[in-house]
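Asker: Predicted model and sequence follow; I will ask about them next.
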Amino acid sequence: MSNRSSLSRNITILVLFLAAIGMMFAVVQSTKKEPTVLEIGQAAPDFQLQTLDGKPVKLSDYKGKVVLLNFWASWCEPCRQEMPDIEKAYQAYKDQGVVVLGSNLRENNVSVKGFVDNMGLTFPIVMDKDGNLATQTYKVKPIPTSFFIDKAGILRQKAEMPMSYSFIEQNVKALLD
Amino acid sequence: MNNGKQTSVFDTVWDFFASVKVGVTIIVLIAVGSAIGTIYPQTNAIPSPNPEFYYMDTYGKLGDFYYRIGLADTFGSWWFLALVLLLAISLVIVSIDRGVPLYKSLKNQPVARKVIALRTDRLYTHAEDADESKLEELAQHLKKRRYKVRREGDALLAEKGRFPRFGAYVLHMGLIVIILGVFSRLIPGWYYTDMIWLKEGETKTVGNLGFEVQNNGFELEFYDNEQTRVKRFETDAVVYKNGQEMAKKHLLVNDYLTFEHANIYQNSYDPQPMFKVGTIDLIDNTTQKSVGTFTINFDDPQPSYKVGEYTLTMANYFPDIKIDPEKGVFTNSRDPYNPGIQFDITGPDLSEPARQWMMPLAGPFVKQMLGKDYRFDMQFKDVDFFHMTGLKIEKDLGTPIVYTGLGIVLYGLVLCFYFQHRRVWARLEAGVLHIGANTNKNWLGMTGEMKRVLVPLGIEPMSMKRKEEPQQP
């Protein structure tokens, strides 16, 4: 009797713990199921959007160039911080085949135009009006987020912070060689 | 359990969870955890999509700690779920540990007990000069009172309410069903909860539920003119699927719309109003006369507006303007809570554009400071504000399971509290009928019942002996 009951006991305990561990595992899995991030080394997803001037622009238009894709908004303080450095880097490297695309997150053209004029930005701004490019296509979580895309259209570096001139320069140079 | 024999890990685990103390400790921990979880708002109730910053910013270091250890999402935190699962394990083990032996012993209980044992029953009586017919009479009376009577020679066992003995285990089963119901949300597609904020006319996709919700109009009414006490806030909500209107409802608090098992609740609103449309009168300060009016849609501003002979070009538009001595002028958000617009005004009598600010929410002092050299004055003739509505979307297919569990729990409680397991033994020996009775609770009721059975038989009724409760299985 004691043998049989202790066997069924052991089985009960095993089943209960396996079930509990399985549930915990499922919980951990389900909480981790946040949108995945883009892997460095994969091809940068292509997109077509309007620029601030109303011209259509495609990422693939810039094949053969190094692209710095920067996600920003005028209400984001770190984005405002890094803008002068991005502009400076653009000025320094645009002749060597570097393009900056500033993707604005869901703002109106008038505000963005004012911001661009005040900052003296000269690189093209694309208007991500519904935010899909940032949240769906590029899985951007915080802004600013920047992607460095090489001449072949491959994601080479990602920065989730305000970038300094030297950081941009270092990454751009590596991709130009 | 082991009588000093070797103890396996399984036995240790079993004994640990079979302990009532452990069970109670787990329950107390769950209660304490839930209570602490109410100190700060949970992540699903904060007005920010970034809990990792919100708690730090709003409540400081303690708030950050609170968020980090998962208290900000108590019911989703690993330690809370672990406690609940431990409780489930404890419930199963306790039920098996106690319930199975109880079931077996009640199933195998003998009809005939020794007279010496009957005499020690808390309720005991005997009748002299009794015979078989007396025993049979007793059996009939007990049957009338819905006892199940078993006979074995000159012995009798009458029993009723055996199942309520298992009330506690029914309750345990109910709790386990509830826990299963709660964990059913792990099944993909069974559970969803989110808050969406909608401006007027705005449509948003609801997570991965495959439909969109539109705010077709939001109404807000206060009791008082100072707008401190809210009377009602209501949204005309429309549900779209694949571009087609599927359902619509005027949502009130607690009057929700259900679409494909998802409930859409009016939950809250943004207390800060936003500018929607404003009609502005342009007044020439030199002549004090109106040049004309123009209308701005603050969510969709135009690059320029024509008023009379003048053209107003928006040089800068800050929807939510902030002026900081160090950081300069910037917008705090993308929404027109506090618009600040800088116009360049050109006209036939202006050799160069006149640049001037318009900040409707700026105080009179700022206005005066800014406006003293301005050529024009801009006065709002008419302005529409709106509030964002906050809708809660909730889908939980496990709810019916949880309610079933609650029903079982209630049934178990009723069994525990209002029903008793009553047993009567009788044995005829040497012309004396010995009768013993036992109940698991409500001894007074049992005594009364026995009185009603025994008095018509001419047997002296029982009275309770003052002693420890007999330990009948």
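Answerer: Structure's in. What do you need?

Asker: So for B:Val414, what's the nearest residue that isn't a sequence neighbour?
Answerer: Distances taken as Cβ to Cβ, 6 or more residues apart in numbering or on different chains place B:Gly167 nearest to B:Val414, at 7.7 Å, with adjacent residues excluded. C-beta: built from backbone N, CA, C; applies to glycine.

Asker: swap that for B:Trp14, sorry
Answerer: A:Arg9 (5.5 Å).

Asker: counting contacts, what elements does the helix or strand where the residue nearest to B:Val414 lies pack onto?
Answerer: For B:Gly167, the element it lies in under DSSP states H and E is helix B:167-183. Secondary-structure packing of helix B:167-183 (3 or more Cβ pairs under 8 Å, 6 or more residues apart in numbering or on different chains; DSSP states H and E): helix B:78-94, helix B:399-418.

Asker: I'd like to know which of these has the weakest mean confidence.
Answerer: Averaging pLDDT over each of the helices and strands packed on helix B:167-183 singles out helix B:78-94 as the lowest, with a mean of 91.

Asker: Report the buried residues of it.
Answerer: Residues of helix B:78-94 classed as buried by neighbour count (16 or more other Cβ atoms under 10 Å in any protein chain shown): B:80-81, B:83-94.

Asker: Skip the chain neighbours and tell me the closest residue to the spatially most central residue of chain A.
Answerer: Computing the C-alpha centroid of chain A and ranking residues by Cα atoms, centre = their mean puts A:Val140 first, at 3.8 Å. Excluding its sequence neighbours, the residue lying closest to A:Val140 (Cβ to Cβ, 6+ apart) is A:Ala134, at 4.3 Å.

Asker: and what of B:Arg375?
Answerer: B:Ala354 (4.8 Å).

Asker: Does that neighbour touch B:Tyr374 like I think?
Answerer: Yes. Contact status for B:Ala354 versus B:Tyr374: in contact at 7.4 Å, counting by Cβ atoms under 8 Å.

Asker: How many neighbouring residues does the residue in the stretch 301-450 of chain B positioned nearest to chain A have?
Answerer: Distance from chain A to each residue of the stretch 301-450 of chain B (Cβ to the nearest Cβ) is smallest for B:Asn316, at 3.7 Å. Residues within reach of B:Asn316, counting by other Cβ atoms under 10 Å in any protein chain shown, total 21.

Asker: The residue nearest to B:Trp14: how many residues sit nearby?
Answerer: Residues near A:Arg9, counting by other Cβ under 10 Å, number 20.

Asker: quick check: domain ranges of the chain?
Answerer: I went with chain A, as the question did not name one. Following automatic domain parsing, one gets these domains for chain A: A:1-33, A:48-176.

Asker: oops, chain B please
Answerer: Following automatic domain parsing, one gets these domains for chain B: B:9-100, B:123-161+B:425-464, B:191-270+B:389-396, B:274-385.

Asker: Among those domains, which comes closest to A:Val126?
Answerer: The minimum distance between A:Val126 and the domains of chain B falls on domain B:274-385, with 16.3 Å, by Cβ to Cβ.

Asker: Quick one: distance of that closest one to the chain centre.
Answerer: Distance of domain B:274-385 from its chain centroid, counting by Cα atoms, centre = their mean, to the nearest Å, is 48 Å.

Asker: quick revisit: relative to B:Gly174, which of the domains of chain B is closest?
Answerer: Proximity to B:Gly174 (Cβ to Cβ) singles out domain B:9-100 among the domains of chain B, at 9.7 Å.

Asker: By residue count, what's the longest helix in chain A?
Answerer: In terms of residue count, the longest helix belonging to chain A (DSSP state H) is helix A:2-32.

Asker: how far off helix B:167-183 does that helix point, in degrees?
Answerer: Angle between the axes of helix A:2-32 and helix B:167-183 is 30 degrees (criterion: axes from the mean of the first three to the mean of the last three Cα atoms, to 10 degrees).

Asker: So which elements touch helix A:2-32?
Answerer: helix B:9-18, helix B:78-94.

Asker: can the longest one be found next to chain A?
Answerer: Right, the one you point to is helix B:78-94. Yes. Applying Cβ under 8 Å from any Cβ of the partner chain, one finds helix B:78-94 touching chain A at B:Trp78, B:Leu81, B:Ala82, B:Leu85, B:Leu86, B:Ala88, B:Ile89, B:Val92, B:Ile93.

Asker: got JSON lines for the domains of chain B, with distance to A:Asn104 too?
Answerer: Below are these laid out as JSON lines (distance: least, Cβ to Cβ, whole Å):
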{"stretch": "domain B:9-100", "distance to A:Asn104": "19"}
{"stretch": "domain B:123-161+B:425-464", "distance to A:Asn104": "73"}
{"stretch": "domain B:191-270+B:389-396", "distance to A:Asn104": "19"}
{"stretch": "domain B:274-385", "distance to A:Asn104": "10"}
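
Asker: Could you measure from B:Ala45 over to chain A?
Answerer: To chain A, B:Ala45 is 18 Å away according to Cβ to the nearest Cβ, to the nearest Å.

Asker: what sits against that residue?
Answerer: Contacts for B:Ala45 (Cβ atoms under 8 Å, 6 or more residues apart in numbering or on different chains) come out as B:Met195.

Asker: Ok, B:Gln214 next?
Answerer: B:Gln214 neighbours (Cβ under 8 Å, 6+ apart): B:Leu198, B:Gly201, B:Glu202, B:Thr203, B:Lys204, B:Ala237, B:Val238, B:Val239, B:Tyr240.
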